[in-house]
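Engineer: I need the structure of the sequence given here:
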Amino acid sequence: MEMSNMTIWSNASNVDLDHCDSCCRMILIIVYSLVLLGGTAGVILMSHMMFKKNSRSVIAVMVTNIIVLHSILLVTLPFRLNYYISVVWEFGSFACRVVSSIIYCHMYFSFVFYVAIVVFRLLIYFKKLQMQRLKKYHVTVLSIIIWLVGGLIFLPVFFLHYGIDPSHSEQQRCFEFYKDLGRWEIIVINYFMIAIMLTTVLVLFLIQAIVIFQLIRALWPDMWAHHEYRAQIKSCFFLLVIVVCFIPHHAFRVHFIQNYSEIENSKLVFYNEICVALTTICCLDMLCFIGGVIH
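Structural biologist: Below is the predicted model of the structure:
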């Protein structure tokens with residue numbers, strides 16, 4: 001039994017050198033640990049605060065969706081930490097695919113809800129949407145549609161196209177789905193998602209900058225005393241989260257797709273894993289809510 005365990009560890013160490021070295025694993029362990037602790041505290045505190053206020057606003061419904069997304073991701077982080085600490089995946093290939101899919105599902109769904117908050121506030125500013133006419137069930141129905149459409153699009157793509165390489169079935173290995181990037185359909189899907197995210201963020205940033213500039217001209221020097229100006233400044237927080245947490249992963253993804261090869265991939269895999277881990281830092285946004293950055 002002891003010899004068997006030593007063999008497993010030896011094999012796992014060899015896998016480790018190919019996939020993510022000790023420095024890479026240490027960085028990932030630190031990032032995921034901080035996200036797990038800070039994200040859990042933020043989700044619990046924010047949920048308690050929203051329960052006490054019993055808010056029925058549009059933003060409150062969107063934030064509730066984000067809390068649910070963060071909670072789902074946080075549940076999977078202990079599995080990732082266990083893998084990077086022990087260098088052995090002990091939960092089977094299907095569990096590996098589920099845990100892998102959730103981190104991307106969390107990123108793209110969070111992106112959609114962040115964008116929805118920004119767009120709602122812009123529509124209100126341009127008088128295209130009246131808050132008084134927008135009922136809670138309208139936003140709830142919208143949220144359900146986003147979950148259903150996103151699930152119908154994302155889950156089949158991931159489970160039918162990612163992780164079907166025979167090497168993924170080895171229980172000692174996990175989170176190596178970058179090997180699927182040799183297939184043209186996966187490359188097309190990745191480029192499509194990259195283009196959508198970068199274009200959306202760029203357009204929203206330009207519109208947001210124009211709106212804030214107009215408000216500064218109209219309200220100077222007492223703009224901070226006006227709710228409308230503060231609301232638009234707070235919208236920048238959501239765009240900033242996207243830029244800091246999601247854009248690096250997608251920008252690097254272009255370089256990764258163009259330069260990845262099975263023969264020489266250690267540095268690219270290292271940076272790719274770090275960029276993927278960086279996407280989870282958005283879970284700390286709830287601490288910013290609690291700290292008063294966003295109300």
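Engineer: With adjacent residues omitted, what lies nearest to the most centrally placed residue in the chain?
Structural biologist: The structure's the chain has its C-alpha centroid closest to residue 107; by C-alpha atoms, centre = their mean the separation is 2.3 Å. Excluding its sequence neighbours, the residue lying closest to residue 107 (C-beta to C-beta, 6 or more residues apart in numbering) is residue 279, at 4.6 Å. All C-beta spots, glycine's among them, are computed from the backbone N, C-alpha and C.
Engineer: tell me the mean pLDDT for the one helix or strand the one you found maps to?
Structural biologist: In this assignment (DSSP states H and E), residue 279 forms part of helix 266-279. Taken as a whole, helix 266-279 carries a mean pLDDT of 86.
Engineer: nearest spatial neighbour of residue 42, skipping sequence neighbours?
Structural biologist: In space, residue 42 comes closest to residue 286 once its chain neighbours are excluded; the distance is 3.0 Å by C-beta to C-beta, 6+ apart.
Engineer: what number of residues lie near the one you found?
Structural biologist: The local packing count at residue 286 equals 25, with neighbours defined by other C-beta atoms under 10 Å.
Engineer: now residue 280
Structural biologist: Neighbourhood size, residue 280 [other C-beta under 10 Å]: 25.
Engineer: ok, it - contacts?
Structural biologist: 31, 32, 35, 39, 73, 77, 103, 106, 245 (C-beta atoms under 8 Å, 6 or more residues apart in numbering).
Engineer: Nearest to residue 140, out of the residues you listed: which one, please.
Structural biologist: The nearest member of the contacts of residue 280 to residue 140, counting by C-beta to C-beta, is residue 106 at 20.5 Å.
Engineer: To what extent is that closest one buried, counted in neighbours?
Structural biologist: Under the neighbour criterion other C-beta under 10 Å, residue 106 is assigned a count of 22.
Engineer: Cheers, nothing more for now.
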